[in-house]
Structures are given as C-alpha cells and as structure tokens.
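# my questions are about this predicted structure, shown below with the sequence.
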Amino acid sequence: MRIAQLANFYAPTSGGLRTAVDALGRGYVGAGHERLLLVPGPRDSWHEDEHGLTVTFRAPYLPGTHYRVVVEPWRINDVLDRLRPTSVEVSDKATMVTAARWARRRRAGSVLLSHERLDTHLAPRIRWQAGLVTGSNAVNRYLLRTFDTVVVTSGFAAEEFTRVGAGAGSGDRAKAPARVRRIPLGVDLATFHPDRRRRGPSGDGVARLVHAGRLSYEKRPDLAIATAVELHRQGFAFQLDVYGDGPDRDALVRLAGEAPVVFHPYVADRHELAARLANADAALSLCPDETFGLAILEALACGTPVVTANRGGGRELITLASGACAEPEPSALATAVRAVLSRPEAARRLAARERAERYPWGSTVAAMLAVHASVSDEATVLTRPAAPLPWHPGVGSRADLGGR
C-alpha cells in the first residue's frame with residue numbers, strides 16, 4: 001500500500017500528534033509499505049529518506065500559536081494527484097479533510113484519525129454550550145459521511161461519534177456512514193524504560209513530581225500547578241518539575257507562587273525526557289479533555305505512576321495499581337498524589353511499567369494497517385510511475401506543489 005498521512009498542527013514541539021503520526025509512519029515503512037507525509041511548513045519543499053517522502057506546504061501560523069495551518073486545500077489535492085496513494089490518513093478535521101473527498105473521487109481509501117473531541121476542545125472558547133453541541137454534532141455527521149473509517153483512540157473519544165449514531169457502514173459506499181474503530185495509540189517501550197532512572201529510592205523525604213507537556217490552557221497545566229500549590233499548603237514535602245514551553249508559562253509561574261515548582265524548557269531529546277520521567281516518584285497528567293494520553297503512557301513506561309483526571313481518555317489508561325484518578329480540582333488531585341506515594345515504591349513502579357507494556361506501537365501499527373487495507377481498493381488505483389515524479393526541489397516549488 002501507499003499511505004499518505006496528512007496533518008496540520010505538525011511542528012517540532014507539537015507533542016502527541018507528531019509522535020503518533022511519526023510512529024505510525026515508521027511502522028508502515030517497516031512493514032514494507034510506502035509512506036507519504038503531507039504537512040505545513042515555512043516553505044514548499046519535499047524530502048525523501050528512510051522514513052518515506054515528506055511534502056511540506058508553505059503555510060501561515062495560526063494566530064496566537066506556534067502551529068502552521070494549510071489554508072489552500074486545493075494544493076493538497078494537486079499533490080495527491082501526483083502521488084496517487086492507495087489510502088489517505090487524515091489527522092485533522094479542518095482543511096485536510098479535502099483529502100477524503102479526493103480519495104472518494106479517485107476510488108482510494110480514506111481514514112480519519114481523530115485526535116480530539118470537538119465539543120470538549122472548543123468548550124473553553126465557546127460559551128453557548130447548546131450551540132456548541134449542535135455544531136459539533138453537525139460536523140461529526142459530515143465527517144462520518146466523508147471518510148470510510150474514523151479511528152478513535154479511547155471510549156471517551158468515541159462518544160462524540162456514537163452520539164450522532166455512527167454505524168458499521170453498509171450499502172452504497174457514497175452514502176454509508178463511516179465505520180468507527182477504536183485503536184489505542186502506543187508507546188516506545190525501549191526509549192521510555194525504567195532503566196533510564198538515574199537515582200535510587202528517595203531518602204530525603206521529598207517526593208519528586210513531574211509534569212511534561214505544552215504550557216497552554218487547553219492542555220490544563222494549571223491543574224498540575226494548582227495541585228502543587230495545594231500540596232504545599234498542606235505542608236507536604238515535594239518538588240514539582242515542569243518540562244515544556246507555551247503561551248501560558250508566565251501565568252503558571254505566577255500561579256505557582258511560593259510552592260516548590262521548578263520550570264524547565266521543553267526537552268526535545270526523547271531519551272533525556274525519559275530519564276526525567278523515570279527519576280520522578282509520580283507524574284501529573286491531568287487534562288480532563290484528552291482523548292488518549294501519550295504523556296501518561298510515556299511516564300508509565302518509565303515505571304512512574306501517574307495521577308490523572310477521572311474523566312477523559314487518560315483515565316482509561318490508569319489502574320489502581322499504576323496510579324490514580326480524581327476529580328479535576330486541586331484538593332482531590334492532591335489527595336490522589338499522596339495516596340499513590342503511600343504505596344510501596346517497588347510495587348507501584350512495577351505496576352506502572354506492566355500497564356504500559358499493554359500498549360506497544362507494534363499493535364497500533366498492525367491495527368491501522370488492517371484499517372488501511374480494508375478501505376483501499378488498490379486494483380482501481382494507478383500505481384506510482386516508474387519514472388521519477390515530475391517535481392523536485394530544483395523545479396519551481398510553488399507551482400509544482402499545486403500553487404496557484
């Protein structure tokens with residue numbers, strides 16, 4: 001198969017989305033398939049390496065963010081016409097959806113990998129909740145009509161589609177609703193490993209807590225800081241290390257006040273991040289709106305138990321032995337932290353690692369390849385020509401990437 005992965009919000013510091021897209025792409029190549037990656041960037045370009053072909057579309061920043069977004073969807077279709085994938089995998093519910101319409105016209109397969117729930121993602125920005133639900137339902141019905149299969153990563157993520165009557169898909173392909181498949185993401189169990197731990201059991205009575213993630217309100221890092229403030233108020237001996245950058249960093253520093261919270265820059269090196277996670281006694285990953293929780297799995301894989309909110313996709317990853325879930329408010333979360341740390345250290349670290357081992361990337365890749373095989377109709381898709389593609393960096397890039 002020739003699989004085209006398309007994603008907006010794909011950037012050097014875009015966290016979970018980029019991690020998932022890249023892990024899947026490497027898995028596709030490792031299984032003997034062709035991988036094409038179409039993403040926004042500062043300029044039009046293409047690059048081919050052992051991980052496949054990457055096409056970058058010149059795109060502006062989304063206001064107030066560090067993310068670029070393709071705003072000329074017809075250029076995506078022009079490039080797809082040249083690459084002729086057997087299926088497209090879209091990790092975006094905005095401009096990249098045009099790829100599904102292209103796939104239908106060209107009798108290729110289309111898969112939506114749903115990374116967020118529209119209702120919970122937009123709730124902080126839209127006060128009219130009744131209108132938010134109605135609008136989200138309308139968009140999700142459209143997505144179900146447009147894609148062959150919608151992949152969700154948790155029961156929490158599936159709710160927005162089951163709410164509008166998502167079915168198994170039958171009858172006329174042009175009219176049948178998409179099938180909704182639940183496929184959990186995975187974790188790099190070799191990189192994120194308890195062996196990254198650089199210190200022995202804590203002997204100074206000070207608990208080491210960690211939070212790693214983008215410091216932006218939609219990720220709710222304020223809950224981690226507020227929990228630290230509450231623990232400090234209770235006289236609990238701890239230090240919270242926060243790894244990440246984002247637009248709300250200054251506000252979070254002010255919120256921390258006199259609590260023992262240390263802010264560190266974003267850690268790009270995955271091995272170094274694993275070491276920081278493994279050195280902690282417990283991780284805080286508290287966003288109640290996450291549809292999955294890659295940060296949770298990475299901490300668990302390092303043998304570090306996790307405290308998370310009792311709603312959202314993250315709670316589905318946690319067992320009583322490997323962490324705790326609580327109402328997303330500081331007092332309840334502080335109680336959960338203290339409960340986790342009261343358990344025998346060796347037992348809680350072993351339980352955390354064992355839980356993560358249930359989610360290897362290999363299982364996710366195999367399940368996604370089965371979805372792509374089911375939606376692809378390779379007999380009706382033109383194969384990639386033997387001659388080189390008629391575009392490369394030496395040719396006028398804007399025209400050759402579909403610019404108009």
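On my side now, so go ahead.

# so where's the stretch 51-200 of the chain shaky on pLDDT?
Scanning the stretch 51-200 of the chain for pLDDT under 70 picks out 64, 121-132, 166-178, 200.

# got a list of what the nearest residue to Ala7 once chain neighbours are set aside touches?
Nearest residue to Ala7 in three dimensions, chain neighbours excluded: Ser91, at 4.0 Å (CB to CB, 6 or more residues apart in numbering). For every residue, glycine as well, the C-beta is placed using N, CA and C. Taking CB atoms under 8 Å, 6 or more residues apart in numbering as the criterion, Ser91 is in contact with 5-8, 10, 17, 20-21, 113, 115.

# can you list which of these are found in helices?
Cross-referencing these against helices under DSSP state H gives 17, 20-21.

# tell me how far Phe238 lies from Thr291.
Separation of Phe238 from Thr291 (CB to CB, to the nearest Å): 29 Å.

# neighbour count winner among those two?
Remark: of Phe238 and Thr291, Thr291 carries more neighbours, 26 against 21, as counted by other CB atoms under 10 Å.

# so what pLDDT did that one get?
For Thr291, the pLDDT comes out at 93.

# go through the longest helix anywhere in the chain and flag the buried ones.
With secondary structure taken from DSSP H, the chain has its longest helix at helix 129-146. By neighbour count on 16 or more other CB atoms under 10 Å, the buried set for helix 129-146 is 132-133, 136-137, 139-140, 143-144, 146.

# export it as CSV, just CAs?
Output of helix 129-146 as CSV, limited to C-alpha atoms (Å, rounded to 0.1, in the frame of the first residue of the first chain):
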residue,chain,number,x,y,z
GLN,A,129,-22.9,25.3,25.0
ALA,A,130,-26.2,24.2,23.3
GLY,A,131,-24.9,25.7,20.1
LEU,A,132,-21.5,24.0,20.6
VAL,A,133,-23.1,20.6,20.9
THR,A,134,-25.3,21.1,17.9
GLY,A,135,-22.4,22.4,15.8
SER,A,136,-20.1,19.6,16.9
ASN,A,137,-22.8,17.0,16.0
ALA,A,138,-23.2,18.5,12.6
VAL,A,139,-19.5,18.4,11.9
ASN,A,140,-19.2,14.9,13.1
ARG,A,141,-22.1,13.7,10.9
TYR,A,142,-20.3,15.3,8.0
LEU,A,143,-17.0,13.5,8.9
LEU,A,144,-18.8,10.2,9.1
ARG,A,145,-20.3,10.7,5.6
THR,A,146,-17.0,11.8,4.2
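
# same for the following helix or strand past that helix, what does it pack against?
As assigned by DSSP states H and E, the chain's next helix or strand after helix 129-146 is strand 149-152. On a contact count with 3 or more CB pairs under 8 Å, 6 or more residues apart in numbering; DSSP states H and E, strand 149-152 meets strand 109-113, helix 155-162, strand 179-182, helix 361-375.

# who's in contact with strand 149-152?
Taking contacts as CB under 8 Å, 6+ apart, the residues outside strand 149-152 that touch it are 109-114, 143-144, 158, 161, 166, 169, 178-183, 291, 368, 371, 374-375.

# now, of these, which are buried?
Buried subset of these (neighbour count, 16+ other CB under 10 Å): 109-114, 143-144, 158, 161, 166, 169, 178-181, 183, 291, 368, 371, 375.

# that's all I had, so thanks and see you.
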